[in-house]
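> need coordinates for the below:
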Amino acid sequence: IASVYLMVFVIFMLIVLSAQFTGDAQRLVLAPIENMMAIVNMVAEDPLEDFDFKSMPGTGDYETHVVQLAIEKITALLRIGFGVAGAEIISSNMAVEGGGSACLNPMIPGKRIYALFGFCDILSFDLCTEKLEDEIMTFVNSVARIVHNEVTRWGGTCNKNLGNAFLMVWRIGDENALAEYRGVADRGVGRRGSESSIGSIGKKNSSLTLENPEHLKPTKRGAIDLRRIPGLDILSDKALVGFLKVVVEVNRDVQLLAYRGDERLSTGVDDDFLIRMGFGLHAGWAIEGAVGSLQKVDATYLSPHVNMAARMEAATRQFGVSVLITRSFFKLLSEPAQKHCRKVDVVTVKGSNVPMPIYTYDTFQNQVFPQLRAPKFSNLSLQEVLTRQAENYDASTWMSDPDLTQLRCLATPQFLKTFDKGLNNYLGGHWEEARTNLERADQMMASNDIGGDGPSRAILKYMKANDWVCPSSWPGHRPLTSK
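Numbers count the residues shown, from 1 in each chain. Next up, the predicted model:
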C-alpha cells in the first residue's frame with residue numbers, strides 16, 4: 001500500500017511540475033517569441049504605421065523582453081531611415097510569412113509613383129559652415145526640426161536630408177492608386193473639397209488595384225491629368241501651407257533667433273545674421289526605389305520632376321523670393337490658394353522649349369511673428385492644437401490664418417494690380433510700359449526684405465541687358481538662367 005501511495009504522489013508531483021513548467025515556458029519563452037513574430041509581421045505588412053507595441057500582450061521578462069525591445073527599436077529605425085520611399089524595401093525584407101526570403105535584398109525594382117515634390121535649401125550655408133564649425137550640426141538640426149515638423153504636420157514626409165537642403169514629398173500614389181481615385185471621381189465625387197476620398201494619400205497604397213487601370217496609364221509623354229484626382233487640391237494646399245509655415249517658424253523659433261546676434265555670423269557692424277531659405281514646389285511622377293548597392297542603399301525618387309522642384313528652389317535667388325511654384329503645381333491648388341499666389345514670369349528651363357509660367361507667394365520676413373501658445377482652458381498641448389488645425393484644413397485658412405496673412409501683408413491690391421500690368425506689358429512686348437509699371441511696383445515694395453520687389457527687379461534686369469528694347473522675335477518668354 002505504501003508503494004502505491006508513493007507512486008500516486010510521484011505521479012501527482014510530475015503532473016503539477018509539468019504544468020508549472022509548461023506555463024512558465026509559455027509565459028517566459030513561447031509567448032514573447034510569438035509576440036516578436038507578430039511585431040515583425042505587422043511591420044512587414046505596413047512599414048509606415050506607428051504601432052503601439054507596448055499594449056500588446058505577452059511582453060515577457062528578462063532576456064526575451066530585452067530582445068523584444070531591440071526589435072521594436074530596429075523597426076522604428078528602419079521607418080525613420082528609409083521613410084515612405086523605402087516602405088517596399090522594409091516590407092519585402094522583413095516578411096517571415098507567405099514566402100518571405102531568408103536573403104537580404106534591398107535592391108528592389110523601382111516603380112512609377114505620382115507626388116508633389118518640394119525642395120528647400122538653407123541660404124548662406126557656406127558662411128554658416130565656416131563660422132560655426134563644430135556647432136554646424138546643432139544649427140542644421142534646429143532647421144531640420146522645423147522643416148520636418150511642419151511638413152509632416154501638413155501631410156508630407158522628408159525623403160532626403162542633404163545637409164543644407166531637404167527633399168520633401170507629398171505622395172499621391174502609384175498608377176493603380178490613381179486609378180482607384182479616378183474611379184471615385186467618375187462615380188460622382190467632385191474634385192473640390194473632397195478630402196475624404198484622398199485620405200489615404202501618402203500612405204502605402206500599392207495594394208490598391210483595378211481590373212482595368214489602362215485609362216489612367218501614362219501617355220508616351222508620361223502625362224496624367226492629376227487635376228481629376230478628387231481631393232488633390234486639399235493636399236496641394238497643405239503642401240504650400242507647410243512650406244509657408246516653415247518660413248514663419250524659422251523667423252519665430254527662439255533657438256534660431258539666437259543666431260541673429262551671433263557675432264561669428266555677422267557680416268557688418270549693425271547687420272544681424274538672418275536665416276533665409278528657398279523653397280521650390282512641383283507636381284509630377286518619379287521612380288520610387290533603392291539607389292546604391294549592398295554596401296549602402298538610399299530609398300529615394302528619381303525623375304525630371306524632382307529636378308524641377310530643385311530648379312525652382314535655385315531660381316528663388318534670381319527672383320528674390322522665398323517660394324517658387326511651377327504651373328503644374330499651381331493648377332492643383334484650390335481657387336482661394338491660387339488667388340493669393342502671384343505669377344512672376346514665363347520661362348523655359350534647360351532641356352525643354354515649352355514655356356512655363358512660375359508663381360510665388362509673397363513672404364515678408366523682416367517682422368516679428370508672435371509666439372504661439374495653447375488656448376486657455378484647453379487640455380490640449382500646443383502641438384496637438386496645431387496638428388488638429390492642419391487636419392481640419394479648409395480653404396478659409398488663407399484668410400483666417402494669422403501667419404499666412406501676416407506673411408503677405410505687403411502684397412496690397414494696388415501693388416498686385418501694378419505688377420500684373422507690368423508683367424503683361426513685358427510678356428506682350430511693350431517694354432516701355434513694362435519698365436514704368438515694374439519700377440513703380442518695385443518702389444511700392446520698398447519695405448520688403450530686400451528693399452524692393454524681387455520679381456520686378458529680375459525682369460527689369462533682363463530688359464536692361466537688352467537695352468530696354470524688346471527683340472523683334474520676342475516669343476513672350478525667356479530662358480531660366482539658373483538651374
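
> give me the number of residues near the closest residue to residue 118 other than its chain neighbours?
Once flanking residues are discounted, residue 118 sits nearest to residue 168: 4.1 Å by C-beta to C-beta, 6 or more residues apart in numbering. C-betas here are computed from N, CA, C, even on glycine. Per other C-beta atoms under 10 Å, the neighbour tally for residue 168 reads 28.

> ok, the one 5 residues further on next?
Close neighbours of residue 173, defined as other C-beta under 10 Å, add up to 23.

> for the strand or helix carrying it, packing partners?
Element membership for residue 173 (DSSP states H and E) is strand 165-174. Judged by 3 or more C-beta pairs under 8 Å, 6 or more residues apart in numbering; DSSP states H and E, strand 165-174 is in contact with strand 111-122, helix 136-153, strand 157-161, helix 175-186, helix 232-250, strand 297-302, helix 304-319.

> dig out what the residue nearest to residue 118 forms beta bridges with.
residue 118, residue 158 (DSSP bridges).

> for it, what are its contacts?
Neighbour list for residue 168: 117-120, 147, 151, 156-159, 242 [criterion: C-beta atoms under 8 Å, 6 or more residues apart in numbering].

> can you list those in a markdown table and add pLDDT and distance to residue 413?
Converted to a markdown table, the contacts of residue 168 look like this (pLDDT from 0 to 100; distance: C-beta to C-beta, whole Å):
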| residue | pLDDT | distance to residue 413 |
| --- | --- | --- |
| 117 | 97 | 32 |
| 118 | 97 | 29 |
| 119 | 97 | 31 |
| 120 | 96 | 29 |
| 147 | 96 | 32 |
| 151 | 96 | 31 |
| 156 | 94 | 31 |
| 157 | 91 | 37 |
| 158 | 90 | 37 |
| 159 | 88 | 38 |
| 242 | 97 | 27 |
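
> so residue 315 sits against residue 358, correct?
Yes. Taking contacts as C-beta atoms under 8 Å, residue 315 lies within contact range of residue 358: 7.4 Å.

> what do these two both touch?
By C-beta under 8 Å, 6+ apart, the residues touching both residue 315 and residue 358 are residue 324.

> any stretches of the stretch 101-250 of the chain with poor pLDDT?
Across the stretch 101-250 of the chain, the ranges flagged by pLDDT under 70 are 101-105, 181-223.

> what about 80?
Within the stretch 101-250 of the chain, the ranges that satisfy pLDDT under 80 run 101-109, 176-224.

> same question for the stretch 351-483 of the chain.
351, 481-483.

> tell me where it has strands.
Under the criterion DSSP state E, counting those that start in this stretch, the stretch 351-483 of the chain contains strands at 356-360, 478-479.

> which of these sits most buried?
strand 356-360 (a mean of 20; mean count of other C-beta atoms under 10 Å).

> which elements pack onto it?
Packing partners of strand 356-360 (3+ C-beta pairs under 8 Å, 6+ apart): helix 304-319, strand 323-326, helix 327-330, strand 342-348.

> need the next SSE after the third one, C-terminal direction.
Past helix 327-330, heading to the C-terminal end, the next element that is a helix or strand (DSSP H and E) is helix 335-339.

> what sits up against that next one?
Contacts of helix 335-339 (C-beta under 8 Å, 6+ apart): 192, 233, 236-237, 240, 330, 395-396, 398-399.

> now for those: which two are most distant?
The span of the contacts of helix 335-339, defined through C-beta to C-beta, is set by 330 and 396 at 19.9 Å.

> quick check on those two: which one has the bigger neighbour count.
Neighbours per residue (other C-beta under 10 Å) separate residue 330 from residue 396, with residue 330 holding more: 20 against 9.

> before we move on, the earlier item: so how far is residue 117 from the residue nearest to residue 118?
8 Å (C-beta to C-beta, to the nearest Å).

> for residue 88, same thing?
The spacing between residue 88 and residue 117, counted by C-beta to C-beta, is 19 Å.

> endpoints of stretch 124-140, how far apart?
Terminal residues of stretch 124-140 lie 12 Å apart, using C-alpha to C-alpha, to the nearest Å.

> okay, buried residues for it please.
Buried residues in stretch 124-140, counted by 16 or more other C-beta atoms under 10 Å: 125, 128, 131-132, 136, 139-140.

> equivalent analysis for stretch 238-245, please.
For stretch 238-245, by 16+ other C-beta under 10 Å, it's 238-245.

> what's it in contact with?
Here stretch 238-245 has contacts from 116, 118, 120, 150-151, 153-156, 168, 170, 279, 281, 323, 325, 329, 333, 337, 361, 363, 390, 393, 397, 401, 403-404, 407, using C-beta under 8 Å, 6+ apart.

> how far away from the center of its chain is that stretch?
On the basis of C-alpha atoms, centre = their mean, to the nearest Å, stretch 238-245 sits 9 Å off its chain's mean C-alpha point.

> just stretch 347-358 next, same as before
With C-alpha atoms, centre = their mean, you get 24 Å for stretch 347-358.

> next: stretch 237-246.
9 Å.

> over to stretch 118-133?
Remark: stretch 118-133 is offset 20 Å from the chain centroid, using C-alpha atoms, centre = their mean.

> again, but for stretch 386-405
So, by C-alpha atoms, centre = their mean, the centroid of stretch 386-405 is 17 Å from its chain's centroid.

> again, but for stretch 162-174
In terms of C-alpha atoms, centre = their mean, the centre of stretch 162-174 is found 5 Å from the chain centre.

> in that stretch, which residues are buried?
164-174.

> output the contacting helices and strands for the helix or strand containing residue 256.
Element membership of residue 256, judged by DSSP H and E, is helix 254-257. Applying 3+ C-beta pairs under 8 Å, 6+ apart, we find helix 254-257 packed against helix 136-153.

> tell me what angle the helix it packs on forms with strand 165-174.
20 degrees (axes from the mean of the first three to the mean of the last three C-alpha atoms, to 10 degrees).

> buried set for helix 136-153?
Neighbour-count burial for helix 136-153, counted by 16+ other C-beta under 10 Å, picks out 136, 139-140, 142-143, 146-151, 153.

> can I get those residues in TSV including distance to residue 419?
TSV is the format used below for these (distance: C-beta to C-beta, whole Å):
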residue	distance to residue 419
136	38
139	35
140	35
142	35
143	31
146	30
147	29
148	34
149	33
150	28
151	29
153	32
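
> closest one of those residues to residue 79?
Of the buried residues of helix 136-153, the one sitting nearest to residue 79 (C-beta to C-beta) turns out to be residue 148, at 13.6 Å.

> tell me the first helix or strand C-terminal of the helix of greatest length in the chain.
Counting residues, the longest helix found in the chain (DSSP state H) is helix 2-25. Downstream of helix 2-25, the first helix or strand assigned by DSSP H and E is helix 31-45.

> list the buried ones in that following helix?
Applying 16+ other C-beta under 10 Å to helix 31-45 flags 31-32, 35-36, 39-40, 42-44 as buried.

> quick check: what element follows that helix along the chain?
helix 62-82.

> alpha carbons of that next one, as CSV, please.
What follows is helix 62-82, C-alpha atoms only, in CSV (Å, rounded to 0.1, in the frame of the first residue of the first chain):
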residue,chain,number,x,y,z
TYR,A,62,14.3,39.1,-18.6
GLU,A,63,16.3,38.4,-21.9
THR,A,64,13.2,37.9,-24.1
HIS,A,65,11.9,41.3,-23.0
VAL,A,66,15.3,42.9,-24.0
VAL,A,67,15.2,41.2,-27.4
GLN,A,68,11.6,42.4,-28.0
LEU,A,69,12.6,46.0,-27.1
ALA,A,70,15.5,45.7,-29.6
ILE,A,71,13.2,44.5,-32.4
GLU,A,72,10.8,47.5,-31.7
LYS,A,73,13.7,49.9,-31.9
ILE,A,74,15.1,48.3,-35.0
THR,A,75,11.8,48.6,-36.8
ALA,A,76,11.4,52.2,-35.7
LEU,A,77,14.9,53.0,-37.0
LEU,A,78,14.0,51.3,-40.3
ARG,A,79,11.0,53.6,-40.7
ILE,A,80,13.0,56.7,-39.9
GLY,A,81,15.9,55.7,-42.1
PHE,A,82,14.0,54.5,-45.2
